[in-house]
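**Student:** sharing a model prediction with you, sequence too.
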Amino acid sequence: MPLYLAPTGEELTIVSIAAEDRLKTYLHSLGIAVSTKVVRLSGDARGVTLQVMGGKLALDGVLARKIFVSF
């Protein structure tokens, strides 16, 4: 499911990122990559806030639609 639809407060695993290589490289530098565990702290279709590797990160809705997660 897309990240922006995922439940809040649950640990999620990133299963795919539907983006070009340049964007995937940038996200990887932020700690977002396939198999990474994240927690969605808040958000809606306009954007989400994540906990990634002990830090918080805000993503806009367009990007949150390109990241797919599972429970």
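**Tutor:** Looks like it arrived, so ask away. Numbers count the residues shown, from 1 in each chain.
**Student:** could I get the phi/psi values of M53?
**Tutor:** phi 50, psi 40 (degrees, to the nearest 10).
**Student:** how about it: what's its closest non-neighbour residue?
**Tutor:** Distance criterion C-beta to C-beta, 6 or more residues apart in numbering; nearest residue to M53, sequence neighbours excluded, is G31 at 4.5 Å. For every residue, glycine as well, the C-beta is placed using N, CA and C.
**Student:** burial count for the one you found?
**Tutor:** G31 is flanked by 14 other residues according to other C-beta atoms under 10 Å.
**Student:** where exactly do the strands run in this structure?
**Tutor:** Per DSSP state E, the chain carries strands over the ranges 11-17, 37-44, 47-52, 55-60, 67-70.
**Student:** helices and strands around the shortest one, which ones?
**Tutor:** Here strand 67-70 is seen to pack against strand 11-17 when contacts are counted using 3 or more C-beta pairs under 8 Å, 6 or more residues apart in numbering; DSSP states H and E.
**Student:** report the buried residues of the longest helix along the chain.
**Tutor:** Longest helix in the chain by number of residues (criterion: DSSP state H): helix 21-29. Residues of helix 21-29 classed as buried: 24, 27 (neighbour count, 16 or more other C-beta atoms under 10 Å).
**Student:** over to stretch 50-58?
**Tutor:** Neighbour-count burial for stretch 50-58 [16+ other C-beta under 10 Å]: 50, 52, 57.
**Student:** compare the strands of the chain and report which one is nearest to P2.
**Tutor:** For the strands of the chain, the distance to P2 is smallest for strand 67-70, at 6.0 Å, taking C-beta to C-beta.
**Student:** how about that closest one: buried residues?
**Tutor:** Neighbour-count burial for strand 67-70, counted by 16+ other C-beta under 10 Å, picks out 67-69.
**Student:** residues making contact with that strand?
**Tutor:** Contact with strand 67-70 is made by 1-3, 6, 12-18, 27, 32, 38, 59, as judged by C-beta atoms under 8 Å, 6 or more residues apart in numbering.
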